[in-house]
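Student: Give the three-dimensional model of this entry:
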Amino acid sequence: MSEQVMVQKAAVQAEYQGHILLKLLIFSAALAIAPVASFFLSKKHIWDGNTTYAAITAIAAAHTVLVSYIIISVREESQAARAPKRPTQEESKKTR
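Tutor: Below is the predicted model:
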């Protein structure tokens, strides 16, 4: 395999991993912020000081973030598997 093709594959893989890391950081921040914010906001504005219902709201918020992360990851992985692979430069030269 030529060095140019290896460099191209490494660049594509690095870009893909960068997107994965960014998505993980965003969902990690959401997992830290959403339950705490939903607990205090629902305790004050929705449940009038009832901490049990506010805790249930925070648990629901945490599970919502986790389930949405799993769904997005599975969809992204299945789309990547279905996408047709672009031919490399070596393959395109062979078909000419």
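Student: what about the longest helix in this protein?
Tutor: Longest helix in the chain by number of residues (criterion: DSSP state H): helix 3-45.
Student: which stretches of this structure aren't confidently modelled?
Tutor: Where the chain drops to pLDDT under 70, the residues are 1-2, 5-16, 83-96.
Student: Which residue would you name as the spatial centre of it?
Tutor: Lys23 (3.9 Å; CA atoms, centre = their mean).
Student: ok, that residue - contacts?
Tutor: Lys23 makes contact with 69, 72-73, according to CB atoms under 8 Å, 6 or more residues apart in numbering. (Each C-beta comes from the backbone N, C-alpha and C, glycine too.)
Student: Buried only: go through these for me.
Tutor: Tyr69 (16 or more other CB atoms under 10 Å).
Student: Closest one to Gln17 out of the contacts of Lys23, please.
Tutor: Ser73 (13.7 Å; CB to CB).
Student: which element is that closest one on?
Tutor: Element membership of Ser73, judged by DSSP states H and E, is helix 51-82.
Student: Could you tell me which residues within that helix count as buried?
Tutor: Applying 16+ other CB under 10 Å to helix 51-82 flags 54-55, 57-58, 61-62, 65, 69 as buried.
Student: can those residues go into TSV with extra columns for distance to Ser78?
Tutor: Formatted as TSV, the buried residues of helix 51-82 follow (distance: CB to CB, whole Å):
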residue	distance to Ser78
Ala54	37
Ala55	35
Thr57	32
Ala58	31
Ala61	26
Ala62	25
Val65	21
Tyr69	15
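Student: And the residues you listed, which is closest to Phe27?
Tutor: Looking at these and their distance to Phe27, the nearest is Tyr69, at 4.5 Å (CB to CB).
Student: does that closest one really touch Phe27, like I thought?
Tutor: Yes: between Tyr69 and Phe27 there is a contact under CB atoms under 8 Å: 4.5 Å.
Student: Can you classify Trp47 by secondary structure?
Tutor: Of the three states, Trp47 takes coil under DSSP: H, G, I helix; E, B strand; the rest coil.
Student: Run a quick neighbour tally on it.
Tutor: For Trp47, the neighbour count with other CB atoms under 10 Å is 17.
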